[in-house]
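Engineer: following is a predicted model, sequence given first.
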Amino acid sequence: LHNQVVDMAQSVPPGDIATQPGTKIVFNAPYDDKHTYHIKVTNSSARRIGWAFKTTNMKRLGVDPGSGVLDPKEAALIAVSCDAFAYGQEDTNNDRVTIEWTNTPDGAAKQFRREWFQGDGMVRRKNLPIEYNP
């Protein structure tokens, strides 16, 4: 019986989240120092969600915190950092961060667990491409 209850929460597709900025992250030159850009992530849905960021370039891009849990209508401020690099000499075309989120199981503690993303629950994704201004 307990399993059925847990599965019900995760069989509902996760609701929407909002990110500010909404479509992309822009870093401006010069790139000889570390840049940090803040993204606001808001849980617009009616359920608690677990979220996690991925990046296409671990060497250049960092996200802090990289994962967390948000109650309905709760927001978090995430720092996306870009380490110094040789602009124009490295391929930056595919740089992006992706946020993935899923409903947390009913009754789960408000503490992020990686396995939420590995079960049968539905996971949604939003890509935020990174633009580098010369």
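Structural biologist: Yes, it's here.
Engineer: list the contacts of Lys34.
Structural biologist: Listed by Cβ atoms under 8 Å, 6 or more residues apart in numbering, the contact partners of Lys34 are Ser81, Cys82, Asp83, Ala84. Where C-beta positions appear, they are placed from N, C-alpha and C, glycine not excepted.
Engineer: what subset of the residues you listed is buried?
Structural biologist: Cys82 (16 or more other Cβ atoms under 10 Å).
Engineer: which one of the contacts of Lys34 sits closest to Asn127?
Structural biologist: When the contacts of Lys34 are ranked by distance to Asn127 (Cβ to Cβ), Cys82 comes first, at 16.6 Å.
Engineer: does Ala75 really touch His38, like I thought?
Structural biologist: No - the pair Ala75 and His38 does not pass the contact test of Cβ atoms under 8 Å, sitting 11.6 Å apart.
Engineer: show me what the strand or helix carrying Trp101 is packed against.
Structural biologist: Using DSSP states H and E, the element containing Trp101 is strand 96-103. Using 3 or more Cβ pairs under 8 Å, 6 or more residues apart in numbering; DSSP states H and E as the contact definition, the elements that strand 96-103 packs against are helix 2-11, strand 17-20, strand 49-55, strand 124-133.
Engineer: quick one: buried residues of that strand?
Structural biologist: Within strand 96-103, the residues that qualify as buried are Arg96, Val97, Ile99, Glu100, Trp101, Thr102, Asn103, counting by 16+ other Cβ under 10 Å.
Engineer: just to revisit the earlier point, the more surrounded of Ala75 and His38?
Structural biologist: Set side by side, Ala75 and His38 show unequal neighbour counts under other Cβ atoms under 10 Å, the larger going to Ala75 at 14 against 11.
Engineer: surely Glu115 is within a helix?
Structural biologist: Yes - assignment of Glu115 by DSSP: H, G, I helix; E, B strand; the rest coil places it within a helix.
Engineer: give me the pLDDT for it.
Structural biologist: Per-residue confidence (pLDDT) for Glu115: 92.
Engineer: what count of nearby residues applies to it?
Structural biologist: As a burial measure, Glu115 scores 9 neighbours (other Cβ under 10 Å).
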